[in-house]
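Colleague: sequence first, predicted model second:
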Amino acid sequence: MEIFVCKYGSPFGKITIAGNEKGLTGLWFAGQKYFGAGLPKDCTEKELPVFEKTKQWLDIYFHGTCPDFMLPLQFLASPFRQKVWKILLTIPYGQTMTYGEIAAVIAKEEQRFCMSAQAVGNAVGHNPISIIVPCHRVVGTNGNLTGYAGGIDKKKKLLELEKVDMSKFFVPKKGTAI
């Protein structure tokens with residue numbers, strides 16, 4: 001499967017978008033942890049219809065509005081990671097969810113007694129389609145803004161853009177990006 005890339009200039013830094021004719025496979029801030037994970041080494045820059053729609057989505061988002069359409073996404077990962085990422089898509093604009101709450105959803109779906117919040121955190125941290133699959137909306141149980149591969153500063157800015165009440169959150173003194 002051939003994957004193409006294009007660039008987007010956001011107010012929070014340059015973004016690389018990856019995908020093919022079927023949908024998006026990646027969206028990363030420049031320098032993000034796990035940047036380009038899963039991208040073939042020989043990616044070509046090319047404009048695709050899905051990239052144009054992605055840029056429209058991002059333009060709306062960065063103007064402080066929740067886009068009213070979803071893009072076609074291709075999750076190229078394990079079934080567990082895909083399950084976590086699909087839960088991320090259910091977190092409403094301007095709201096947050098904890099790693100533990102996501103773990104509880106999965107445990108209930110799988111009729112298990114419990115699920116590791118740490119395993120969920122690992123899957124959230126490896127989300128390849130930042131912003132659109134809103135991993136920035138996942139926070140620690142105690143209000144810790146931990147675990148954003150794009151950097152805690154960007155996570156905070158994205159939540160502020162969505163007008164999340166930041167008074168209940170704090171930035172950890174030591175970096176804890178997954």
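Modeller: Thanks, I have the structure now. Quantities reported herein were computed from a predicted structural model and do not represent experimental measurements.
Colleague: tell me the first helix or strand C-terminal of the least confident helix or strand in the chain by mean pLDDT.
Modeller: Ranked by mean pLDDT, DSSP states H and E, the weakest helix or strand in the chain is strand 44-45, scoring a mean of 90. Using DSSP states H and E, the next helix or strand after strand 44-45 towards the C-terminus is helix 49-62.
Colleague: list the helices and strands that next one packs on?
Modeller: Under the contact definition 3 or more CB pairs under 8 Å, 6 or more residues apart in numbering; DSSP states H and E, helix 49-62 sits against strand 4-10, strand 13-20, strand 23-29. For the C-beta atoms, the positions are set from N, CA and C on the backbone; glycine is no exception.
Colleague: out of those, which one sits most buried?
Modeller: Highest mean neighbour count among these (mean count of other CB atoms under 10 Å): strand 23-29, with a mean of 22.
Colleague: how far off centre is it?
Modeller: Distance of strand 23-29 from its chain centroid, counting by CA atoms, centre = their mean, to the nearest Å, is 9 Å.
Colleague: same check on stretch 151-170?
Modeller: The answer for stretch 151-170 is 14 Å, by CA atoms, centre = their mean.
Colleague: counting neighbours, which bits of it end up buried?
Modeller: For stretch 151-170, a neighbour-count test (16 or more other CB atoms under 10 Å) marks 151, 152, 154, 155, 156, 157, 158, 159, 161, 162, 164, 169 as buried.
Colleague: now swap in stretch 111-128 and tell me
Modeller: Neighbour-count burial for stretch 111-128 [16+ other CB under 10 Å]: 115, 117, 119, 120, 121, 122, 123, 124, 125, 126, 127, 128.
Colleague: start to end distance for it?
Modeller: Stretch 111-128 has its terminal residues 28 Å apart, counting by CA to CA, to the nearest Å.
Colleague: neighbouring contacts of it?
Modeller: Residues outside stretch 111-128 that contact it (CB atoms under 8 Å, 6 or more residues apart in numbering): 18, 25-28, 33-34, 37-38, 76-77, 80-81, 84-85, 88, 98-100, 102-104, 106-107, 133, 135, 138, 147-149, 177-178.
Colleague: any idea how far it is from the chain center?
Modeller: Centroid separation for stretch 111-128 versus its chain: 14 Å, with CA atoms, centre = their mean.
Colleague: swap in stretch 18-33?
Modeller: Relative to the chain's own centre, stretch 18-33 is displaced by 10 Å; criterion: CA atoms, centre = their mean.
Colleague: restrict it to CA atoms and write it as CSV.
Modeller: In CSV, the C-alpha atoms belonging to stretch 18-33 read as follows (Å, rounded to 0.1, in the frame of the first residue of the first chain):
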residue,chain,number,x,y,z
ALA,A,18,0.1,10.9,5.7
GLY,A,19,-2.4,8.8,3.9
ASN,A,20,-3.6,7.3,0.6
GLU,A,21,-6.6,7.3,-1.6
LYS,A,22,-8.6,5.4,1.1
GLY,A,23,-7.9,7.7,4.0
LEU,A,24,-5.6,9.2,6.6
THR,A,25,-2.9,7.1,8.2
GLY,A,26,-1.0,9.7,10.1
LEU,A,27,-0.9,13.3,11.3
TRP,A,28,2.1,14.5,13.4
PHE,A,29,3.5,17.8,14.7
ALA,A,30,7.1,18.3,13.6
GLY,A,31,9.4,16.7,16.2
GLN,A,32,6.6,14.8,17.9
LYS,A,33,7.6,11.6,19.7
